[in-house]
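J.: Quick check, what structure comes out for this input:
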Amino acid sequence: MSPIETVIAILLVVFLVLLALGGAAIYFAVKVGKKAAKSAKQATNRLSAHVNAMGTGEASEVERLRLDLRREVALTRQAIDHAQQQGWGLSDLPDLMAQLARQAEAQDHQLGMYAKHVRVSSMSDQTTLGQLREHQAKLTAMCARIRADLMRTQAEHASTGIDELSTRTDLEIEARKPSADPLDEIDELYRRTMEQRREQ
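T.: Prediction:
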């Protein structure tokens with residue numbers, strides 16, 4: 001091979017390597033871009049719900065119901081995650097929470113559709129709004145009951161730990177006390193006996 005062919009071959013290999021690296025970089029950039037777009041869309045939806053909830057009227061009330069439901073579900077999910085990390089026996093509670101979250105998501109979607117309808121149209125269906133309020137109240141009440149049960153369980157775990165710690169503290173303090181010398185006790189008994197004899 002001539003020196004020119006060697007240089008061209010090396011340049012082609014370097015070009016192919018750079019081309020492969022560029023393709024990988026573009027692939028990852030697109031992947032990151034899709035995730036960023038999805039996160040931005042979710043953030044925009046949350047922000048628009050907060051802004052819409054600040055107004056007055058029926059649509060704003062429905063948006064506030066949506067925010068309240070989202071907050072309750074998020075708090076309950078955090079409480080269950082914390083309980084699982086602590087190793088508490090939750091039986092079917094995580095499965096129940098997953099079902100409740102799915103139902104809350106469907107309810108959130110229905111509330112959102114109703115709020116859009118009310119913003120666009122001057123006509124509103126009070127019967128549907130009543131049903132949506134009732135469903136939202138039931139879902140938030142379930143979340144509150146689950147959290148109350150978890151807090152009761154947490155208090156029981158904490159009291160058990162405190163009782164054990166108190167017992168261990170008492171034992172440690174007792175063990176650290178200096179023990180009485182038996183000879184001192186014998187001397188004390190002898191002295192008392194002698195005093196009692198003198199008094200008689």
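J.: tell me the average confidence for stretch 8-25?
T.: Averaged across stretch 8-25, pLDDT comes to 90.
J.: what about it, distance to the chain center?
T.: From the chain centre to the centre of stretch 8-25 is a distance of 47 Å (Cα atoms, centre = their mean, to the nearest Å).
J.: ok, now stretch 33-40?
T.: Offset of stretch 33-40 from its chain centre (Cα atoms, centre = their mean): 23 Å.
J.: average pLDDT across that stretch?
T.: The average pLDDT within stretch 33-40 is 86.
J.: What values do phi and psi take at the residue minimising distance to the centre of the chain?
T.: The chain has residue 78 as the residue nearest its centroid, 2.1 Å off, counting by Cα atoms, centre = their mean. Main-chain dihedrals, residue 78, degrees, to the nearest 10: phi -60, psi -40.
J.: Could you measure from it over to residue 157?
T.: 17 Å (Cβ to Cβ, to the nearest Å). Where you see a C-beta, it was placed from the backbone N, CA and C, and this is true even at glycine.
J.: What separation do you get for residue 18 and residue 8?
T.: From residue 18 across to residue 8, the span is 15 Å (Cβ to Cβ).
J.: ok, now residue 68?
T.: 69 Å.
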